[in-house]
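# Sequence and predicted structure are below.
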Amino acid sequence: MILDRDLAFLYKVETCALKQAVKRNIKRFPSDFMFVLIKKEIDQLESQNVIPSKSYLGGANPMSFT
């Protein structure tokens, strides 16, 4: 799984700028380019130590791109 912060690093932009670009130009991106984890999925990642904490995902508040 590539996180938004990793993509932002690759494109040399801020994470919020990447998310905003996708949101504004959603039709230019493949349908599976970005997805949003629900709270339960975030909690599972944290409890399995896949991520050290929710802050690793930028606060990890589930949000909608629609």
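Yep, it's here.
# can we go C-alpha only for contacts and neighbour counts from here?
Will do.
# Report the buried residues of stretch 15-29.
If you call a residue buried by 16 or more other C-alpha atoms under 10 Å, then stretch 15-29 has these buried ones: Thr15, Leu18, Lys19, Val22.
# what's Leu7 in contact with, if anything?
Thr15, Leu18 (C-alpha atoms under 8 Å, 6 or more residues apart in numbering).
# State the helix or strand in which it lies.
helix 4-11 (DSSP states H and E).
# returning to what we had before: using a markdown table, lay out the buried residues of stretch 15-29 together with distance to Leu37.
Shown next, in a markdown table, are these (distance: C-alpha to C-alpha, whole Å):
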| residue | distance to Leu37 |
| --- | --- |
| Thr15 | 16 |
| Leu18 | 17 |
| Lys19 | 14 |
| Val22 | 16 |
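# Name the nearest of those relative to Lys40.
Lys19 (21.6 Å; C-alpha to C-alpha).
# So the closest one: helix, strand or coil?
For Lys19, the reduced secondary structure class is helix; criterion used: DSSP: H, G, I helix; E, B strand; the rest coil.
# now it: how far from Phe9?
13 Å (C-alpha to C-alpha, to the nearest Å).
# before we move on, what about Leu18?
Taken as C-alpha to C-alpha, the span from Leu18 to Phe9 is 10 Å.
# Same check on Ser31?
Taking C-alpha to C-alpha, one finds Ser31 at 21 Å from Phe9.
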